[in-house]
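J.: Predicted model and sequence follow; I will ask about them next.
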Amino acid sequence: MNPFLGPNPPAEPNPFTAHYLAGQVSLEVAAAEFDQAVRCLAHDVTATLGARHVPVVWSFAAHAWTLDIEDPSTMRDRCVEDVQQYFQDTFVDTTWPACPQHPNHPLDYADGSWRCPRDQTVVARLGELDEPS
């Protein structure tokens, strides 16, 4: 059973799944890696917006799992970007997550970290954002 899609995954495996079924890397390892990244993202959402917004994270995680993405880190990045865009587009928080040095703009996500887009300072690793001051 796919931990993100439940007991009824799509009939045709996407290239990501096929890549792992071919024996290059185990599907369990990829799923565990992605699951950990999603849990880190859920922590950041909880710390900054509250637990009531965590279902959005899991919804986008399930969607990312169905895409034709072969690399778990690319799938993670897509999920983070989609969640961030959702919170901004739906006006939950138009600067989520807000830069602690310049709270009038959101942080950028790249290479597993939240960064200030003005000076590229790493503010926190994924899963390590704190409650706003």
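T.: Looks like it came in fine. Residues are numbered from 1 along each chain as shown.
J.: Excluding sequence neighbours, find me the nearest residue to the residue nearest the centre of the chain.
T.: Centroid check for the chain by C-alpha atoms, centre = their mean gives residue 80 as the closest residue, at 3.1 Å. The spatial neighbour of residue 80 that comes closest, neighbours along the chain excluded (C-beta to C-beta, 6 or more residues apart in numbering), is residue 109 at 4.9 Å. The C-beta positions use only the backbone N, C-alpha and C, and glycine is treated the same way.
J.: so what secondary structure elements neighbour the helix or strand containing that neighbour?
T.: Assigning secondary structure by DSSP states H and E places residue 109 in strand 108-110. If you count contacts as 3 or more C-beta pairs under 8 Å, 6 or more residues apart in numbering; DSSP states H and E, strand 108-110 packs onto helix 72-89, strand 113-115.
J.: Given whatever helix or strand comes next after the shortest one, what are its sheet partners and their directions?
T.: For strand 113-115, the succeeding helix or strand toward the C-terminus, using DSSP H and E, is strand 122-125. Looking at strand 122-125 with DSSP bridges, its partner strands are strand 113-115 (antiparallel).
J.: Distance from the chain centre to the strand it pairs with, please.
T.: Put simply, strand 113-115 sits 12 Å off its chain's centre (C-alpha atoms, centre = their mean, to the nearest Å).
J.: Could you pull up the mean pLDDT of it?
T.: When pLDDT is averaged over strand 113-115, the result is 97.
J.: what's the first-to-last distance across stretch 82-98?
T.: Start-to-end span of stretch 82-98 (C-alpha to C-alpha, to the nearest Å) is 16 Å.
J.: Please identify the buried residues of it?
T.: Within stretch 82-98, the residues scored as buried using 16 or more other C-beta atoms under 10 Å are 82, 83, 84, 86, 87, 93, 96, 97, 98.
J.: Pipe the residues you listed into TSV and attach pLDDT and distance to residue 46 per row.
T.: TSV is the format used below for the buried residues of stretch 82-98 (pLDDT from 0 to 100; distance: C-beta to C-beta, whole Å):
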residue	pLDDT	distance to residue 46
82	97	18
83	98	12
84	98	15
86	98	16
87	98	13
93	97	13
96	97	12
97	97	12
98	95	15
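J.: Look up the closest residue to residue 46, ignoring the ones flanking it.
T.: Taking C-beta to C-beta, 6+ apart, and ignoring the residues beside it in sequence, residue 46 has residue 54 as its nearest neighbour in space, at 6.0 Å.
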